[in-house]
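Colleague: Pasting the sequence and the predicted model now:
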Amino acid sequence: MAKRVGLEVTVAVAEAVALCRIDMAGVYPITPQSHIAEHLSNMVADGLLDAEFVTVESEHSAMSAVIGASGAGARAYTATASQGLLLMNELLPIASAMRLPICMAVANRAVSGPLNILNDHSDIMPQRDTGWISLFAENSQEAVDLSIQAFRIAEDQDVMLPVNVNIDGFQLTHMVEPVEMPTQEEVDQFLPPFVPHATLHPSKPVTMGAFSMADYFTEIMKAKDEAIRNSKKVILDVWEEWGRLFGRSYKPVESYKADDAETLILTMGSMGETAQLAIDELRDKGVKAGLIKLRLWRPFPFAEIKAAVKNTKKLIVTDRAVSFGGPGGPVFSEIKSALYAETTRPAIYNYIYGLGGRDITVHDFVGMFEKVLADTENSSADTYEFWGVRE
Amino acid sequence: MIEVRWHGRGGQGAVTSVELLAVSAIAAGKFAQGFPSFGPERRGAPVAAFTRIDDKKINVRSGIYDPDVVLVLDSSLIGLVPVTDGLKPGGKLIVNTHKTPDEIRKALNYAGTLALVDGTGIARKEMGVPIANTTMIGALLKVTGVMDLDAMKEAVEHRFGRIAQKNINAMKRAYDEITISN
């Protein structure tokens, strides 16, 4: 039986990863991820986790080490944030091109400058096109569940791609809250041992990450694109099975009081439940407000997004990152692009919020609804605004 | 839901206390959050930490601005940090001090419920160290009644091992000795 306990989210994630019987972790500490690295290191040192903990001198080395380990057939894990993720960037498309099922936690944190250690999504957004499957957790339970599901998705022979699980820094990582930890038996039942397609081994030489010029490069890129698009079917299957085994269902797009909503707000990450409270407050006032939460960032769930917004008049998209000089926040751009060909689509508003740890309250979400509802001419639709900015 | 803001200095164990309290509340079947004030912390500098406890699932993930209870681990912060900021009408202020209620009320211009205990004195006597973070959990439980003192035992034992009992004794004394004035 799963046990309900109070744990700091980073510790819960590290324990979940240990339940996955990883063979190797290569992690460089960086706030707000460090407790994952520390706890994994402790478990290895205490003999509770039979894995190689490779102490590396940078995140570039961490990603290099897990690529090597995964290539050798190990179930390999890493975790990082912010500048650490940027330092890994060079290697992320290599991991996906080599079709290595590496799993990584990203304890989302603002990127410098100015130096900031608190949460937003500016670290993961520039990694969007590296060919990684990308999932967002809303609470401790999701951080734990997604961390386990990640290996199963990544290692599926029809996927064989790396997966990152995004866990908002501090708002999630540094929170002690309740979580149901699955048992070792339950995880063993869900996650079979990793059987690699091919491994680096002296007795049976293979080439991985080879050289390619114009003759094959386009075909390899197309193959990678098809692989991540096709991964969605496996992700849905894995979530369906998880629901049956653990009683917690996962969907690419979650909704809350959205069915009859005339105005919807979209969140991604840890603020979803706080937004729910705003929806309750607005519903009490008679406003037909609803919420959708984007859990699957890559592959992008086009069909689910279209279905989720098809009856709504106005859609508020929230972003925790900026595309400087661009069309709006990165999530907003994706949603707009996804709905471009639809004959009827909602007016879309974009609020960029919660940058560098700026707190977001129920009041903020209610304020966004009030502002959008007051815009009867839809004059500020299709544009973006920095919510709460002082000018 | 009860929301508590803790004021201490880096190194005094406010974060440990919110963690122990959240873990114990969850083990007792409740829902809880324990979290530090987000950001870099330095030994000796003023810090805050936060606790939410409820009987149902807690959805809010914002900071705590209007606490039901404020707990001051280090009374030297009074005058330096606005400890009563946002305290709800009818809220409760708990201070670790050997001073009198009148002295604290005057220093803070505060007329609400005030609970005082010499947590540092108790910690010295019971544990031989002037660190009152676990001691003051006893004070908080007495003032709020949010759960039984016994509910803390497992988490404290897990955390402190062979010195757990001393922590529990100190907690119990603060629970018994705190004086509450309205």
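Modeller: Alright, I've got the coordinates. Owing to the predicted nature of the structure, the values given are computational and were not obtained by experimental measurement. Numbers count the residues shown, from 1 in each chain, chains lettered A, B, ... in the order given.
Colleague: The residue of chain A found nearest chain B in helix, strand or coil?
Modeller: In chain A, no residue comes nearer to chain B than A:Gly6, which is 3.3 Å away by Cβ to the nearest Cβ. In this view, the C-beta of every residue, glycine as well, is placed from N, C-alpha and C. What DSSP: H, G, I helix; E, B strand; the rest coil gives for A:Gly6 is strand.
Colleague: That one is in contact with B:Leu21, isn't it?
Modeller: No - A:Gly6 lies out of contact with B:Leu21 (Cβ atoms under 8 Å); the separation is 9.3 Å.
Colleague: With B:Asp176 as the reference, measure out to the spatially most central residue of chain B.
Modeller: In chain B, the centroid-proximal residue (Cα atoms, centre = their mean) is B:Leu71; its distance is 4.6 Å. Distance from B:Leu71 to B:Asp176, counting by Cβ to Cβ, to the nearest Å: 17 Å.
Colleague: got it, and A:Arg298?
Modeller: Distance from A:Arg298 to B:Asp176, counting by Cβ to Cβ: 57 Å.
Colleague: Compare neighbour counts for these two and give me the winner.
Modeller: The residue with more neighbours, out of A:Arg298 and B:Asp176 and counting by other Cβ atoms under 10 Å in any protein chain shown, is A:Arg298; that gives 23 against 12.
Colleague: C-terminal to the host helix or strand of B:Ala115, what's the next element?
Modeller: Using DSSP states H and E, B:Ala115 maps to strand B:113-117. The helix or strand immediately downstream of strand B:113-117 is helix B:119-127, counting by DSSP H and E.
Colleague: So what touches that following helix?
Modeller: Helix B:119-127 has contacts (Cβ atoms under 8 Å, 6 or more residues apart in numbering or on different chains) with B:73, B:96, B:98, B:129-132, B:134-136, B:139, B:163, B:166-167, B:169-170, B:173-174, B:177.
Colleague: quick check: mean pLDDT across that helix?
Modeller: Mean pLDDT, helix B:119-127: 98.
Colleague: now swap in stretch B:40-53 and tell me
Modeller: On average, stretch B:40-53 scores 90.
Colleague: That stretch: end-to-end distance?
Modeller: The straight-line separation of the ends of stretch B:40-53 (Cα to Cα, to the nearest Å) is 25 Å.
Colleague: if we look at it, which residues are touching it?
Modeller: Defining contact as Cβ under 8 Å, 6+ apart, one finds that stretch B:40-53 is touched by A:117, B:1-11, B:14-15, B:17-18, B:21-22, B:25, B:30-37, B:58, B:60, B:63-64, B:67, B:77, B:80-81, B:146-147.
Colleague: Could you tell me which residues within it count as buried?
Modeller: Along stretch B:40-53, these residues count as buried under the neighbour rule (16 or more other Cβ atoms under 10 Å in any protein chain shown): B:41, B:46-53.
Colleague: residue contacts, the residue nearest to A:Asp259 when sequence neighbours are not counted?
Modeller: With Cβ to Cβ, 6 or more residues apart in numbering or on different chains as the criterion, A:Asp259 has its nearest non-adjacent residue at 7.3 Å, and that residue is A:Gly290. Neighbouring residues of A:Gly290 by Cβ under 8 Å, 6+ apart: A:255-261, A:263-265, A:279, A:312.
Colleague: Perfect, I'm done here.
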